[in-house]
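**Q** Build me a model:
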Amino acid sequence: MKILLTGCSGQVGYELERSLQGLGQVVAVDRSRMDLADLDQVRAVIREVQPGLIVNPAAYTAVDKAESEPELAFRINAEAPGVMAEEARKLGAALVHYSTDYVFPGGDPAPRVETDATGPINVYGASKLAGEQAIAASGVRHLIFRTSWVYGMRGKNFLLTMLKLARERDELRIVADQHGAPTWSRTIADATALVLAKAAAGGADGQQPWWEQHGGIYHLSSQGQTTWFEFTQAIIEQAGIACRLQPITSAEYPVPARRPHYSVLSSQRLVQQLVQLPHWREALALCMR
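**A** Here you go, the predicted structure:
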């Protein structure tokens, strides 16, 4: 099978290029070859590669900047995945796509399941939800993995920012009233590869076509939950950095885009059906080692 992987220079795409080896011939492209803002280019690359599977971690992820660039955010996060889905369906291919906990409004403090009502409160979340809807409407065989608070040892992310600031400053003020589950980019990539290996094997029962039985939306985030403040505490403890932390509220750290106060994802559907996921503390320790 030929696998077209987008966004291979990003933190999830980089890990996926490694994890997908052995499942097929991986054709990895970055923004220089497939810019999701250029829909004609997206179509052209897919038609040139003729993949049996498209894996799309590429996205517009600048949550605050999206408030002032809604058209670009929707083109990359909604229209481009829609084009991928249409082209994949024409080829008889499948599509794996990644979405976000920010499709939820973040009200009641209970882990979100896949069937819960969505209601994004920022442009980024709205654009990612529109991407999910475009894929589902296309009729393509698909998996959509919603994940949360993604970090890793490359790119721009909370972990690397906190490590840098903690080494530069004596004290950091960190938001302590937003709840989620930090998820290592390698956890996402390895879980994806394990699920796709099961898809290639046809599933355990051998009766129903795998994609008909298991396709759709899954939550894929680390087990457990925390706040940005507690996550930062764990980061600097693992790194052995002496830096004081001061908990603050979201109101004390105003940003252009509103964040959900509670966006913990329940990954039980994925765990029960397809693959185990680590606790966020275990994944963080392994990442930093």
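**Q** contacts, neighbours, all on C-alpha from now
**A** Fine.
**Q** okay, now Leu274: neighbour count?
**A** 18 (other CA atoms under 10 Å).
**Q** Surely it touches Val195?
**A** Yes. Leu274 lies in contact with Val195 (CA atoms under 8 Å); the separation is 6.2 Å.
**Q** where does the stretch 101-250 of the chain have low pLDDT?
**A** 203-208 (pLDDT under 70).
**Q** Helices of that one, residue ranges please.
**A** Listed in chain order, the helices of the stretch 101-250 of the chain (DSSP state H, counting those that start in this stretch) span 123-138, 158-168, 185-201, 210-214, 228-239.
**Q** Mean neighbour count, these: which tops it?
**A** helix 123-138 (a mean of 23; mean count of other CA atoms under 10 Å).
**Q** and that helix, what does it pack onto?
**A** Helix 123-138 sits against helix 70-74, helix 80-91, strand 94-100, strand 141-147, with contacts defined as 3 or more CA pairs under 8 Å, 6 or more residues apart in numbering; DSSP states H and E.
**Q** Dump the helices of the stretch 101-250 of the chain into a markdown table; add distance to Arg258 as well.
**A** Converted to a markdown table, the helices of the stretch 101-250 of the chain look like this (distance: least, CA to CA, whole Å):
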| stretch | distance to Arg258 |
| --- | --- |
| helix 123-138 | 9 |
| helix 158-168 | 17 |
| helix 185-201 | 24 |
| helix 210-214 | 33 |
| helix 228-239 | 15 |
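**Q** Between those, which one is closest to His97.
**A** helix 123-138 (8.2 Å; CA to CA).
**Q** export the closest one as CSV, just CAs?
**A** This file holds the C-alpha atoms of helix 123-138, laid out as CSV (Å, rounded to 0.1, in the frame of the first residue of the first chain):
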residue,chain,number,x,y,z
VAL,A,123,-12.1,30.0,15.2
TYR,A,124,-9.5,27.2,15.4
GLY,A,125,-12.0,24.8,16.9
ALA,A,126,-14.7,25.8,14.5
SER,A,127,-12.4,25.2,11.5
LYS,A,128,-11.3,21.8,12.8
LEU,A,129,-15.0,20.8,13.3
ALA,A,130,-15.8,21.9,9.8
GLY,A,131,-13.0,19.6,8.6
GLU,A,132,-14.5,16.7,10.4
GLN,A,133,-17.9,17.4,8.9
ALA,A,134,-16.5,17.7,5.3
ILE,A,135,-14.8,14.3,5.6
ALA,A,136,-17.9,12.6,7.0
ALA,A,137,-20.0,14.2,4.2
SER,A,138,-17.7,12.9,1.5
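**Q** do you know which of the helices and strands packed on helix 123-138 lies nearest Pro256?
**A** It's helix 70-74; of these, that one is closest to Pro256 (CA to CA) at 12.6 Å.
**Q** which other residues reach that closest one?
**A** Ala37, Tyr60, Ala66, Val123, Tyr124, Ser127, Lys128, Ala130 (CA atoms under 8 Å, 6 or more residues apart in numbering).
**Q** still on that earlier bit, which one, of the helices of the stretch 101-250 of the chain, ends up nearest to Ser148?
**A** Of the helices of the stretch 101-250 of the chain, nearest to Ser148 by CA to CA is helix 185-201, at 10.0 Å.
**Q** packing partners for that closest one?
**A** Counting by 3+ CA pairs under 8 Å, 6+ apart, helix 185-201 packs on helix 11-19.
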